[in-house]
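[1] Dropping a prediction and its sequence here:
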Amino acid sequence: MKVFYWSPHISHVATIKAVLNSAMSLNEYGNNKYDVRIINVNGEWNRLKSEKVKFIDLFDGIYIKTFPVNGFLKSRISYLYIFIKYFFSLKKLLRDEKPNFLIVHLITSLPLILLILFNFKTKFILRVSGFPKLNFIRKMLWKCASRKLYAITTPTKITSDYLKNNNIADKRKIVLLTDPVFKIRQLIKLKNQKLKDDIFLDKKNKYIVSIGRLTYQKNVSVLIKAFRYLPNNFKLKIVGDGPELEVLKQLDSDLSQRIEFSPPSNDLSVLYSSANVFCLPSRWEGFPNVIAEALSHGVPCVGFSECSGIPQLVFDGDNGFTAKKMSDPQSLAEALISASLIKSRPSEIALTIRNYTYDKYIKSWEIAFCQ
């Protein structure tokens, strides 16, 4: 069975990891039933090519390596370029390869308009990973395509209910399918790991790590302000880039010695392992992949209880704490201190999200689409 993933991206977003994890789940736990490939549209997957996942290069050897991404207009110009350049290339690929499934993640307009205009043997699945803003154009496009879509999958019940309440498609087509985050054997490694306080060479300091694109949604400014209410031995590492980077660097010069900014990284394991606490201060999320990843590494997490997606993963006192007031840095600081005092072993923290393993994902996938 051929399963292709469509997920062109022009910046570093959490969906990239979700696509890789889903593809690897089908590859490794599918008992050789699946021929899984990620469509490398414009060379965006070049740096992530792995022997564990096959890629199909859609570009013809010439592609734009760096797109303008900051700002609404610039990003839309980038999307339009991809749409025009690869419209017929994707159509030809689907006609020639005839995959059983095409899972559509990002820049959904191109495959969905193809689906509306033409008939394919391939079953199209729209994957809605975040919490979508249903503007008029997106709502109309999804509704028109829904008649021919095989399914729409979401990682959270909140998003599923939101799509159903907005009548985006026949409710029977909207399927809850959680993202795979880690392999169950990772728990075996964590079982023998000591408590966090015993791991660090520098036991005097507490390290808070935050990872994500630096935008209004991610609300990193409130995390920086929270450090006004934290002891001096608390340090912060912010990993990511985005339109708010320079503003955030200048937000509080008095805290500059305690805060470090780093560019996005493909290998986040070292960062998670070096963190006493992971914090995602987002205003809204669909499924917070970085929270799930941090928990899978045994790291206590902090976020806001008002942020959709956070309460389904973070349980106060067990694997982290949730702050109650999204606009209150002092509330966030209190949650960070509480989380840093959690004494659960890494394996115990990881077990709190045991429903997000690769093997659980493949079982859910086959129940939904292979019966």
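    It's in.
[2] neighbours of residue 327, just the number please.
    Residues lying near residue 327 (other C-beta atoms under 10 Å) number 11. C-beta coordinates here come from the backbone N, C-alpha and C atoms, glycine included.
[3] Which residue is the nearest non-sequential neighbour of it?
    Spatial nearest neighbour of residue 327, chain neighbours left out: residue 222 (7.1 Å); criterion: C-beta to C-beta, 6 or more residues apart in numbering.
[4] any idea of the mean pLDDT for stretch 277-292?
    In this model, stretch 277-292 carries a mean pLDDT of 92.
[5] End to end on it, go ahead and measure it.
    Terminal residues of stretch 277-292 lie 13 Å apart, using C-alpha to C-alpha, to the nearest Å.
[6] Figure out how far it is from the centre of its chain.
    9 Å (C-alpha atoms, centre = their mean, to the nearest Å).
[7] Same question for stretch 115-133.
    19 Å.
[8] end-to-end on that stretch?
    22 Å.
[9] that older thread, any idea how far the residue nearest to residue 327 lies from residue 332?
    Separation of residue 222 from residue 332 (C-beta to C-beta, to the nearest Å): 6 Å.
[10] overlap in contacts of those two?
    residue 281 (C-beta atoms under 8 Å, 6 or more residues apart in numbering).
[11] And these two? Which one has more around it.
    Remark: of residue 222 and residue 332, residue 332 carries more neighbours, 29 against 20, as counted by other C-beta under 10 Å.
[12] list the contacts for that one?
    Listed by C-beta under 8 Å, 6+ apart, the contact partners of residue 332 are 222, 223, 226, 279, 281, 302, 304, 323.
[13] repeat that with 7 Å
    222, 223, 226, 281, 323 (C-beta atoms under 7 Å, 6 or more residues apart in numbering).
[14] thought the first one was touching residue 282?
    No. With the criterion set as C-beta atoms under 7 Å, residue 222 and residue 282 do not qualify as a contacting pair; they are 10.0 Å apart.
[15] quick revisit: from the contacts of residue 332, pick the one nearest residue 40.
    Closest approach to residue 40 among these (C-beta to C-beta): residue 281, at 32.9 Å.
[16] Torsion angles phi and psi at that closest one?
    Main-chain torsions, residue 281, degrees, to the nearest 10: phi -90, psi 30.
[17] show me the contacts for it.
    Contact analysis of residue 281 by C-beta under 7 Å, 6+ apart lists 219, 220, 222, 223, 303, 304, 332.
[18] just residue 22 next, same as before
    By C-beta under 7 Å, 6+ apart, the neighbours of residue 22 are 179, 180, 361.
[19] repeat that with 10 Å
    Applying C-beta atoms under 10 Å, 6 or more residues apart in numbering to residue 22 gives the contacts 3, 5, 7, 36, 38, 53, 103, 105, 127, 153, 177, 179-180, 358, 361-362, 365.
[20] Among the contacts of residue 332, which pair sits farthest apart?
    Using C-beta to C-beta, those reach their maximum pairwise distance at 223 and 323, which is 10.2 Å.
[21] now the helices: where do they sit in this structure?
    Counting by DSSP state H, the chain has helices at residues 15-29, 72-97, 109-117, 136-146, 157-165, 186-191, 196-199, 220-226, 245-249, 269-273, 289-296, 329-340, 346-351, 358-369.
[22] Please report the number of neighbouring residues for residue 165.
    Neighbour count of residue 165, defined by other C-beta under 10 Å: 9.
[23] got the contact list for it?
    Here residue 165 is in contact with residue 171 (C-beta under 10 Å, 6+ apart).
[24] same deal with residue 136?
    Taking C-beta under 10 Å, 6+ apart as the definition, residue 136 has no contacts.
[25] and what of residue 237?
    Residues near residue 237 by C-beta under 10 Å, 6+ apart: 207, 208, 209, 210, 211, 259, 260, 261, 262, 271, 274, 275.
[26] picking that back up, looking at the helices of the chain, which has the lowest confidence?
    Of all those, mean pLDDT reaches its minimum on helix 196-199 (a mean of 47).
[27] Can you pull the residues that touch both of residue 223 and residue 323?
    Common neighbours of residue 223 and residue 323, using C-beta under 10 Å, 6+ apart, are 279, 281, 302, 329, 332, 333, 336.
[28] For the third one, give its distance to residue 170.
    The spacing between residue 302 and residue 170, counted by C-beta to C-beta, is 39 Å.
[29] more neighbours, the two?
    residue 302 (30 against 13).
[30] pretty sure that one contacts residue 336?
    Yes. Using C-beta atoms under 10 Å, residue 302 is in contact with residue 336, at 5.4 Å.
[31] which neighbours do the two share?
    Common contacts of residue 302 and residue 336, defined by C-beta under 10 Å, 6+ apart, comprise 208, 223, 226, 277, 279, 281, 320, 321, 323.
[32] can you tell me how far the first one sits from residue 265?
    Right, the one you point to is residue 208. 17 Å.
[33] Pull the contacting residues for residue 102.
    Taking C-beta under 10 Å, 6+ apart, we find residue 102 in contact with 2-6, 39, 90, 93-94, 111, 114-115, 120, 122-126, 150.
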